[in-house]
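Engineer: For reference, the sequence and a predicted model appear below.
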Amino acid sequence: METNRKINSKLGSFLWQCIRKSGMTYEAVADALGVSTRLIGYYCTGERKPSQITLLRFMRIANVETKDIPF
């Protein structure tokens, strides 16, 4: 099955770095957001993009300030 989804590797890399710097695990982030660990993995590879609300919640959980967003 082929999809037309575009991979956003820049966003994925940013999210992965945020998790890494926070010292949290994918599981802890997923629990805090109320989503699956698999979905966090998709976010971090850029295969899926979180909604704006989910992204803001993620940033609060990972203790990331908006000024730190590289794009």
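Structural biologist: Great, that's in hand.
Engineer: quick check: longest helix of this structure.
Structural biologist: In the chain, taking DSSP state H as the definition, the longest helix is helix 9-22.
Engineer: Same question for that helix: list its buried residues.
Structural biologist: With burial defined by 16 or more other Cβ atoms under 10 Å, the residues of helix 9-22 counted as buried are L11, G12, F14, L15, W16, C18, I19. The way it works is simple: take the backbone N, C-alpha and C, and place the C-beta from them, glycine included.
Engineer: and what of stretch 40-57?
Structural biologist: Buried residues in stretch 40-57, defined by neighbour count with 16+ other Cβ under 10 Å: I40, Y42, Y43, C44, G46, E47, R48, K49, P50, L55, R57.
Engineer: separation between C18 and K6?
Structural biologist: Between C18 and K6 the computed distance is 21 Å (Cβ to Cβ, to the nearest Å).
Engineer: And R38, how far from I19?
Structural biologist: Computed as Cβ to Cβ, the R38 to I19 distance reads 14 Å.
Engineer: do the same with A30
Structural biologist: A30 sits 10 Å away from I19, going by Cβ to Cβ.
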